[in-house]
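K.L.:
got a structure for you, letters missing:
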């Protein structure tokens, strides 16, 4: 039995303790690689970690084309290839999206786990208070959510979503929704979306939970 005045383990430096905590979390979440702020090389010597929104540990995952996340298999995708996959997946998703035509939603950009879309508030989008209808702001944010959660070329749908309206938008405003992948493991992901106007003022905050249904978004990317 250990003596009360003797530690059960050797003393650890703060850096060593942090590394142990990170690797323990990595093993708990998934056997794949977990990215951390500033990390450019993992324990196996693979370099080129992908920057993500927002900063923080995010399970690396990318397209396999068979509905299985590479986070589960530990596969590694080059950042340049991951970016190409994200752009093509979002392009394919919106090629089939008729709602974007109805609302005039434009895709500004996409990256693994993130996306930006925009919409100009038209006269037929305002309500009786002469402000943009909240349902249309929700639709804009939901489109950014869809782009982000499908950006790994794994088909995802929304399982839940909520929105907080913080300020009104008016006719003529240019609204931008920026989606960020907060967490993703197994078949579930959490995404946060900020909606701002052309002056950078925050209009709404949206949070969505995705569910992976299997299959690829862009079939020409399937492996």
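P.N.:
Happy to help now that I have it. Keep in mind the model is a prediction, meaning the values are calculated, not measured.

K.L.:
what's the following helix or strand after the helix or strand where residue 93 lies?
P.N.:
Per DSSP states H and E: residue 93 is located in helix 79-95. Remark: after helix 79-95, the chain's next helix or strand is helix 99-103, criterion DSSP H and E.

K.L.:
Mind listing what's buried along that following helix?
P.N.:
Within helix 99-103, the residues that count as buried by 16 or more other C-beta atoms under 10 Å are 100, 103. The C-beta positions use only the backbone N, C-alpha and C, and glycine is treated the same way.

K.L.:
Quick check: which helices or strands does it pack against?
P.N.:
Secondary structure elements in contact with helix 99-103, counted by 3 or more C-beta pairs under 8 Å, 6 or more residues apart in numbering; DSSP states H and E, are helix 134-149.

K.L.:
partner residues bridging residue 107?
P.N.:
Counting by DSSP bridges, residue 107 is bridged to residue 117.

K.L.:
how close does it sit to residue 131?
P.N.:
If you measure residue 107 against residue 131 using C-beta to C-beta, to the nearest Å, the figure is 25 Å.

K.L.:
Extract the residue ranges of the chain that are flagged as low pLDDT.
P.N.:
Counting by pLDDT under 70, the low-confidence segments of the chain come to 1-10, 22-75, 221-223.

K.L.:
repeat that for 50
P.N.:
For the chain, applying pLDDT under 50 flags the ranges 2, 7-8, 29-74, 223.

K.L.:
Break this structure into its domains for me.
P.N.:
According to automatic domain parsing, the chain comprises the domains 14-73, 79-221.

K.L.:
what about the strands in this protein?
P.N.:
For the chain, the strands defined by DSSP state E cover 34-35, 58-59, 106-111, 114-120, 156-165, 174-185, 188-196, 202-212.

K.L.:
Work out the sheet partners of the longest one and label each with its direction, please.
P.N.:
Put plainly, it is strand 174-185. strand 114-120 (antiparallel), strand 188-196 (antiparallel).

K.L.:
by how many degrees do that strand and strand 202-212 diverge?
P.N.:
If you take axes from the mean of the first three to the mean of the last three C-alpha atoms, to 10 degrees, strand 174-185 sits at 40 degrees to strand 202-212.
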